[in-house]
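>>> only geometry, no sequence info:
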């Protein structure tokens, strides 16, 4: 099975996005004064997971253990470049002004960064004319058709695993211990770029440990009530800069 694609330089993928970065890429992005946020989601994790389940093993490899109350969880932290409107590097003619140093996530787009997800053209920003059987082959049998792109994708996934420990210590440096329940949304830590760079330095020097105890935030009352029944710290929160939901808010108290 082949998926055909060619970039139309429409610039849609360079607007209003959160780009998943490695630690090194996040430091470079923040070093230019651009915004980098931390996004957190967590899974209840009572055991090691099925060793034959690639989804579970990827989640384990890209997360660290934690406790919510006395319940074992695993927390996944993402570093994301955030920009409203056009990317700060986007030129008026829709070319990239940072092309040679652009993050891997930009280089591999529209491929799926997670190993267990399929590329869905309808879910991408690219216009319909970018997907045409007369265009070059992007993906063949679920794998990148181009060897250099496959290597970039492998590097991106590898760093998502290698960066886990440092991202955990970064959360400690920032005092960030809030997580969404996976599938419901993402908790957001928004920090000034200069403060983030200091926190990175402290995390690299191992001045902070990964926080052990976390609190779940959700915009769904049933989730908060369910966790409270398990003596898990949980808090109701509205969609906004601190919480990116997958569902509409429940009615929140006045």
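Received, thanks. None of the values given here were measured: they were computed from a predicted structure.
>>> wait, residue 137 sits on residue 145?
Yes - between residue 137 and residue 145 there is a contact under C-beta atoms under 8 Å: 4.2 Å. From N, CA and C alone the C-beta is placed, and that goes for glycine too.
>>> and these two? Which one has more around it.
residue 145 (16 against 13; other C-beta atoms under 10 Å).
>>> kindly list the longest helix within this protein.
For the chain, the helix with the greatest residue count under DSSP state H is helix 147-162.
>>> can you give me the strands in the stretch 151-254 of the chain?
178-181, 185-190, 215-218, 234-236, 243-245 (DSSP state E, counting those that start in this stretch).
>>> now do the third one, average pLDDT.
Pointing back at strand 215-218 there. The average pLDDT for strand 215-218 rounds to 98.
>>> now that strand: buried residues?
216-218 (16 or more other C-beta atoms under 10 Å).
>>> ok, stretch 29-41 next?
29-30, 34-41.
>>> who touches it?
Identification of contacts with stretch 29-41 by C-beta atoms under 8 Å, 6 or more residues apart in numbering yields 18, 21, 26, 75-83, 88, 103, 167, 170-171, 174, 176, 178-183, 185-191, 193-194, 196-197, 200, 244.
>>> swap in stretch 9-28?
Outside stretch 9-28, the residues that reach it (C-beta under 8 Å, 6+ apart) are 29, 36-37, 39, 78-87, 90, 94-96, 101, 103-106, 109-110, 113, 124-127, 130, 156, 159-160, 163, 166-167, 196-197, 200.
>>> avg pLDDT for the host helix or strand of residue 80?
Under the criterion of DSSP states H and E, residue 80 resides in strand 71-86. Per-residue pLDDT over strand 71-86 has a mean of 96.
>>> ok, that strand: who's next to it in the sheet?
Note on strand 71-86: by DSSP bridges, its sheet partners are strand 15-21 (antiparallel), strand 36-44 (antiparallel), strand 64-68 (antiparallel).
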